[in-house]
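A.B. asks: got a structure for you, letters missing:
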């Protein structure tokens, strides 16, 4: 048994989230600034709530208003240096440095400028005035600083490198050379057209994502998050390793309303991590389970962070199509974590929770069923074809109604209405505040996308990657020529190496860039690579998305794992390695649905036999790999079994029928040997 877990206060948990999540590092402000920023954020939420239900204004106006207000509040809310966020320092007005006031006003004015001159843009694009160049330059500088403050250095550095590439195109080596563009042309393209800052990325944040962030905040306020945790505990807590399984199931449920890996880790981990340590799991393993599970929230329908709505815009397909496509891959991720948790619990003989430690599922549902209604309404409206923002409008309205009923029932009519008004204000302010960093990031990512369209660098990178992949494929194919049959064709191997290189770049990019921004950049740069390999667009988008998410549990960055380690009192790097191992399902399944798109259910090439083969192969492959990693299946593994089971996993998820059958044969042989040796033998602690 390990030492008793430490209990963290709410203040300590908030500090932990601030430590690992740059988006939560708000400065300490004076009361006048707190009131000013709070009122602005509340009005921003009210504006978005109203437009979701009654119509959105002209796109450029809507995006400029959202970005301008967000930039203004960012410089009131984030200090230039995170370590000084509790200090004023220098010459300040109302506790905010004068330089921050200048940046805030400059950002707002330059953001509002394009909507203001919108009717003249048709005559200005391609021939910008000096004032246009000045305003665009100001906005570029302010955006980079806003993202640096709220998210860190990586994304501004990437945007700066892309701008430099556009400017110094004539000096680039080899295939990367291009005619180059002067500063006026760069600003014209990024600022005055819809291909840059005011493009799709910012539009999606302002039109869809804001509403769903607000819905997630309001859903938490009516107790839906706690209901998920209690229900998961009631359903799975009794089984071996119970709290770890509660972590997986509750995180899957919480992922339906929240897509923040770090916030989810802190929210559910405050309860599940101490419980896991208490019954015998090692500290780093408990932190890793929570981090891996919480990261899955970003791939769980119907919210999926912001990416589902970006896919709607990029692919031009209904949201319900994307949500259906996400079901099986999300299941595979949580199934993979759950299998490893179960096998680890069996290996160590760790018990589940006792009956007296468990809530009753019936009681949980009777007391909290009303809080589920907004989520059910949201899913029903999305699946029935309503627009995402209208669905969010009615779901938020339902949250407000439920909150009012709860407060009136608890405190009476008068006090209940007062508490509802106060809670509504807090929720609307919190929802808008959570969207600040992602708004700035989306606008800055528009710079990267604009440079890609201006220079055509995406297709040049695609050509280089596919050429290298083809050379590697031919070499491996010749190496395997001794086999009496062709296990993999050259085309299959070329696609495999292309996917591996794309996956590595996605993970590396995700180590310093938030998931949404990473997805947008990789769609511009990597999706053309997969397109050249005839991968369906929906499949390509899901592939780069999944590996971008994986970065949250991939050392050395692994921020979600480090947050979990902070709660567990564990080594962060060790927790990150374990969280990556637990996320192997998320790493394997994207390769499966590229080779067998039927796994996404709604692709053009869907057939039921292909789906059943891919689904069965994925499930068995995850079990085989989990057993090899855990060193347990029905009992401890022999050395040879730990060697052949990963091979069986790779064969099972491969697209060829020959390899799948061979993988099944290897797995069956191991299962038979385990069964003959005596089956399920636990460790020292009796399992319940």
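C.D. replies: Good, I have the coordinates. These numbers were taken from a predicted model, which means no experiment stands behind them.

A.B. asks: Which strands or helices does the helix or strand hosting residue 469 pack on?
C.D. replies: Assigned by DSSP states H and E, residue 469 belongs to helix 457-479. Helices and strands touching helix 457-479, by 3 or more Cβ pairs under 8 Å, 6 or more residues apart in numbering; DSSP states H and E, are helix 490-510, helix 515-525, helix 527-532. Where you see a C-beta, it was placed from the backbone N, CA and C, and this is true even at glycine.

A.B. asks: Would you map the strands across this protein?
C.D. replies: 92-93, 96-97 (DSSP state E).

A.B. asks: starting at the chain centroid, how far to the last one?
C.D. replies: Relative to its chain's centre, strand 96-97 lies at 33 Å (Cα atoms, centre = their mean, to the nearest Å).

A.B. asks: Show me what that strand pairs with in its sheet, parallel or antiparallel.
C.D. replies: strand 92-93 (antiparallel) (DSSP bridges).

A.B. asks: what pLDDT, on average, does the strand it pairs with get?
C.D. replies: For strand 92-93, the mean pLDDT works out to 84.

A.B. asks: Tell me how far it lies from the chain's centre.
C.D. replies: Counting by Cα atoms, centre = their mean, strand 92-93 comes out at 37 Å from the chain centroid.

A.B. asks: try stretch 594-612
C.D. replies: With Cα atoms, centre = their mean, you get 24 Å for stretch 594-612.

A.B. asks: which parts of it are buried?
C.D. replies: The neighbour-count check on stretch 594-612 (16 or more other Cβ atoms under 10 Å) flags 594, 595, 596, 597, 598, 599, 600, 601, 602, 603, 610, 611 as buried.

A.B. asks: can you pull out the helices in the stretch 501-650 of the chain?
C.D. replies: 515-525, 527-532, 537-550, 559-568, 572-582, 584-595, 608-630, 639-653 (DSSP state H, counting those that start in this stretch).

A.B. asks: Relative to residue 445, which of those is closest?
C.D. replies: Among the helices of the stretch 501-650 of the chain, helix 515-525 comes nearest to residue 445, with 4.6 Å by Cβ to Cβ.

A.B. asks: avg pLDDT for the closest one?
C.D. replies: Mean predicted lDDT for helix 515-525 stands at 83.

A.B. asks: what's the most distant pair in the buried residues of stretch 594-612?
C.D. replies: 595 and 602 (17.0 Å).

A.B. asks: isn't residue 345 right up against residue 243?
C.D. replies: No - using Cβ atoms under 8 Å, residue 345 is not in contact with residue 243; the gap is 9.8 Å.

A.B. asks: burial of residue 308, as a residue count?
C.D. replies: 25 (other Cβ atoms under 10 Å).

A.B. asks: give the contact list for the residue nearest to residue 646 when sequence neighbours are not counted.
C.D. replies: Nearest non-adjacent residue to residue 646, counting by Cβ to Cβ, 6 or more residues apart in numbering: residue 628, 5.0 Å away. Residues counted as contacts of residue 628 (Cβ atoms under 8 Å, 6 or more residues apart in numbering) are 637, 641, 642, 645, 646, 649.

A.B. asks: Counting neighbours, which of these comes out on top?
C.D. replies: Neighbour counts for the contacts of residue 628, by other Cβ under 10 Å, peak at residue 649, which reaches 27 neighbours.

A.B. asks: contacting residues for the nearest residue to residue 105 once chain neighbours are set aside?
C.D. replies: Here the nearest residue to residue 105 in space, its sequence neighbours aside, is residue 72; by Cβ to Cβ, 6+ apart that works out to 7.3 Å. Shown in contact with residue 72 (Cβ under 8 Å, 6+ apart): 40, 104, 105, 107, 108.
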